[in-house]
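Trainee: Sequence and predicted structure, then a few things I'm wondering about:
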Amino acid sequence: MYNYSDFDEAFVRTRAAQFRAQVERRLSGALTEDEFRPLRLMNGLYLQLHAYMLRVAIPYGTLSAAQMRQLAMIAERWDRGYGHFTTRQNIQFNWPKLTDVPEIIDALADVQMHAIQTSGNTIRNVTTDAFAGAAADEIADPRPWAELIRQWSSDHAEFQFLPRKFKIAITGSAQDRAVIRAHDVGLQLVERDGEIGFRVFVGGGLGRTPMIGQALRDFLPAADILPYLEAVVSAYNLAGRRDNKYKARIKITVFESGIEAFRAAVEQEFARTRAVFTGVDQQVLAAIAEQFALPDLPARETAFFEKTLAVDPAFAAFARHNLAPHRRPDYAIVTVSLKAHGAEPGDASADQMRLLADLSERYSAGELRVSHAQNIVLPHVAKDDLPALFTALVSAGLGTANVGLISDIIACPGMDYCALATARSIPLAEEIATHFKAIGLEEEIGALAIKISGCINACGHHHVGGIGILGLDRAGVENYQITLGGDPGPEMAIGEKMGPGFAYEEVTPALERLLRAYLALRAEGESFVAAFRRLGPAPFKEALYGEARHAA
């Protein structure tokens, strides 16, 4: 894991002191709320529906045990005893008092954390695959490059006031567990003729105008990544619209100019920026990469793991759904679900965070990851330690064996917290999860991603859900649109809208009709999205609406 340099430490402490002074001026009345707003947003502080919300950066989703314990302490001391992990691998505290925020920022700095650039029209937290550095299928660990990009983008003088926010994701695997084509820039590590490089996508994004990122470069030598990113963001900064915030994202710039014209603009900028980079960035990258070496993992037997699999059905279910292959055959990657049936997706209590920190030290070299799917990952667990780990997780309500299943729902905070939301997300996610468990269909349905957004900003990524649910306001009443066939992976697809929306109480029964029809129609082993692609929308729309409503 990366450890702060003296420069990093000084930078974060200076920003913390500056923000403390800004808060004091706001509290004294020397700053109005309008004057304070851009200052607080530069430090991750939002004003939500009921209170302030602080979004804390977890760069590329990697946490140490000490950092997780500090987040638990912050949740208990200055919030309501829990934190909310997000799709961009951050954590949000939903109830801090403004008077306490400087103390929280200082407490974050004590463990090499901050909230800088988690908001505003700037380059946000760089995200990556939560299995990075451990996955058996990756070309290389993407986190050293993610850290390099973080350092380059932090307080970059040219990019603090972009036309709109800017998000970068990077993956080291062809499986794309970072949803790179839904980002302003997506980077995929690839290998060509023995050389590591990047496939670069640009112009992805969801929200009110969902678009899939387009290939900008099929192969970019890895040494060129920073000057090329600088060229991309510079071209966007020059051409991006500032007259209409709904048309200001890079996806609109690329769409309006066309990919060829935008590529030409980037290449022109790249000719300039490449000459400016003299190789210092590669020296920095080499030093960073040394900190991301695979931990010293002793060789272990796997007999106890195999024996427990054979005799314990609950553990076998956990292993089936919550484990992924590690680069070492005697180890596994463990995803800890924060989606217990009926729980708020992505939430963890302070006690749960502390336990996860303890378990990471005991079983996973002190490392934890936050996943895009709002779960927690222990990346380096010896297989023979898995039964004991599972027992400890179950005791804390963290042993749910549902990763990738219908109850592993991504949901935004919705109208329970967000001032922008037009419908509830969290209660609906809780209801769907508990309902399908109660009727015993979850395992039979198998892998299926449900994603719920409480407004058209699509923070729940509903566009790329196998089943996407968008909550809207219709004359003061919640109305939920259903989209089907979305896919966040390498064959990324935007879901198709099925028809009129449903009232809140109609959504779960409609999903049950839909999924019973899927079970009747699917071929052996066929996923929901594969069946939708094979059969088309007609039979699924019929199941959702029934003959009478469909005809209307």
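Mentor: Great, that's in hand.
Trainee: Tell me where the longest helix sits in the protein.
Mentor: Counting by DSSP state H, the longest helix found in the chain is helix 6-28.
Trainee: Who are the packing partners of that one?
Mentor: helix 33-41, helix 101-109 (3 or more Cβ pairs under 8 Å, 6 or more residues apart in numbering; DSSP states H and E). Bear in mind the C-beta positions are built from the backbone N, C-alpha and C, glycine included.
Trainee: Need the residues that contact it.
Mentor: Outside helix 6-28, the residues that touch it by Cβ atoms under 8 Å, 6 or more residues apart in numbering are 4, 31, 33, 36, 39-40, 43, 98-99, 101-102, 105-106, 109, 112, 114, 116, 151, 154-155.
Trainee: I'd like to know which of those residues are buried.
Mentor: Of the members of those, the ones counted as buried by neighbours, 16 or more other Cβ atoms under 10 Å, are 31, 36, 39-40, 43, 101-102, 105, 109, 112, 114, 116, 151, 154.
Trainee: Can you tell me which of the residues you listed is nearest Gly204?
Mentor: Gly204 lies nearest to Ser154 out of these, by Cβ to Cβ, at 22.7 Å.
Trainee: related to what we said a few turns ago, report the two of the buried ones among the contacts of helix 6-28 separated the most.
Mentor: Every pair of the buried ones among the contacts of helix 6-28 checked by Cβ to Cβ; the farthest is Leu31 and Gln151, at 30.1 Å.
Trainee: Gln160 versus Leu297, what's the distance?
Mentor: Relative to Gln160, Leu297 is positioned 41 Å away (Cβ to Cβ, to the nearest Å).
Trainee: Tell me which of the two has more neighbours.
Mentor: Leu297 (17 against 14; other Cβ atoms under 10 Å).
Trainee: Which residues are in contact with that one?
Mentor: For Leu297, the residues meeting the contact criterion (Cβ under 8 Å, 6+ apart) are 328, 331, 365, 380, 382.
Trainee: so what's the last one up against?
Mentor: Contacts for Ala382 (Cβ under 8 Å, 6+ apart) come out as 297-298, 300, 330-331, 363.
Trainee: Pro142 is in contact with Ala130, isn't it?
Mentor: No. Contact status for Pro142 versus Ala130: not in contact, 11.1 Å apart, counting by Cβ atoms under 8 Å.
Trainee: ok, Phe11 - how many residues close by?
Mentor: Neighbourhood size, Phe11 [other Cβ under 10 Å]: 18.
Trainee: for the one 4 residues further on, same thing?
Mentor: If you count neighbours by other Cβ under 10 Å, Arg15 ends up with 19.
Trainee: swap in Ala314?
Mentor: Every residue meeting other Cβ under 10 Å relative to Ala314 is counted, giving 12.
Trainee: And it, which helix or strand is it part of?
Mentor: Assigned by DSSP states H and E, Ala314 belongs to helix 313-322.
Trainee: and the helix or strand that comes right after that helix, which strands flank it?
Mentor: The helix or strand immediately downstream of helix 313-322 is strand 323-325, counting by DSSP H and E. Strand 323-325 has the following sheet partners, assigned by DSSP bridges: strand 331-336 (antiparallel).
Trainee: Leaving out sequence neighbours, find the closest residue to Arg274.
Mentor: Excluding its sequence neighbours, the residue lying closest to Arg274 (Cβ to Cβ, 6 or more residues apart in numbering) is Pro227, at 4.5 Å.
Trainee: do the same with Ala174
Mentor: Residue nearest to Ala174 in three dimensions, not counting chain neighbours: Pro490, with 6.2 Å by Cβ to Cβ, 6+ apart.
Trainee: Turn the buried ones among the contacts of helix 6-28 into TSV, columns for pLDDT and distance to Gly346.
Mentor: Putting those into TSV (pLDDT from 0 to 100; distance: Cβ to Cβ, whole Å) gives the following:
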residue	pLDDT	distance to Gly346
Leu31	98	33
Phe36	97	28
Leu39	96	28
Arg40	97	23
Asn43	96	22
Val101	98	22
Pro102	98	26
Ile105	98	22
Ala109	98	25
Gln112	98	23
His114	98	21
Ile116	97	22
Gln151	97	28
Ser154	96	25
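Trainee: What is the nearest of these to Tyr52?
Mentor: Distances from Tyr52 to these, taken by Cβ to Cβ, are shortest for Val101, at 7.0 Å.
Trainee: Does that closest one touch Val56 like I think?
Mentor: No. Using Cβ under 8 Å, Val101 is not in contact with Val56, being 11.1 Å away.
Trainee: Got the phi and psi for Val377?
Mentor: For Val377, the backbone dihedrals are phi -120, psi 130 (criterion: degrees, to the nearest 10).
Trainee: how about stretch 465-485: buried residues?
Mentor: For stretch 465-485, a neighbour-count test (16+ other Cβ under 10 Å) marks 465-472, 478-485 as buried.
Trainee: re earlier: tell me what angle the longest helix of the chain forms with helix 33-41.
Mentor: Between helix 6-28 and helix 33-41, the angle comes out at 160 degrees (axes from the mean of the first three to the mean of the last three Cα atoms, to 10 degrees).
Trainee: Render the CA-only coordinates of helix 6-28 in CSV, please.
Mentor: Coordinates of the C-alpha atoms in helix 6-28 are reproduced here as CSV (Å, rounded to 0.1, in the frame of the first residue of the first chain):
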residue,chain,number,x,y,z
ASP,A,6,6.7,14.3,3.5
PHE,A,7,5.1,16.3,0.7
ASP,A,8,1.8,14.4,0.9
GLU,A,9,1.7,14.9,4.7
ALA,A,10,2.4,18.7,4.4
PHE,A,11,-0.1,19.1,1.6
VAL,A,12,-3.0,17.4,3.4
ARG,A,13,-2.2,19.2,6.7
THR,A,14,-2.1,22.6,4.9
ARG,A,15,-5.5,21.9,3.3
ALA,A,16,-7.0,20.9,6.6
ALA,A,17,-5.8,24.1,8.3
GLN,A,18,-7.2,26.2,5.4
PHE,A,19,-10.6,24.5,5.6
ARG,A,20,-10.7,24.9,9.4
ALA,A,21,-10.2,28.7,8.9
GLN,A,22,-12.9,28.7,6.2
VAL,A,23,-15.4,26.9,8.5
GLU,A,24,-14.6,29.4,11.3
ARG,A,25,-15.4,32.3,8.9
ARG,A,26,-18.6,30.7,7.8
LEU,A,27,-19.7,30.1,11.5
SER,A,28,-18.8,33.7,12.3
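Trainee: Report the buried residues of it.
Mentor: Judged by neighbour count using 16+ other Cβ under 10 Å, the buried positions of helix 6-28 are 8, 11-12, 15-16, 19, 22-23, 26.
Trainee: Tabulate these (a markdown table), appending distance to Gly197 and pLDDT.
Mentor: Formatted as a markdown table, the entries for these read as follows, by distance: Cβ to Cβ, whole Å; pLDDT from 0 to 100:
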| residue | distance to Gly197 | pLDDT |
| --- | --- | --- |
| Asp8 | 28 | 97 |
| Phe11 | 30 | 97 |
| Val12 | 32 | 98 |
| Arg15 | 34 | 97 |
| Ala16 | 37 | 98 |
| Phe19 | 39 | 98 |
| Gln22 | 42 | 98 |
| Val23 | 44 | 98 |
| Arg26 | 47 | 98 |
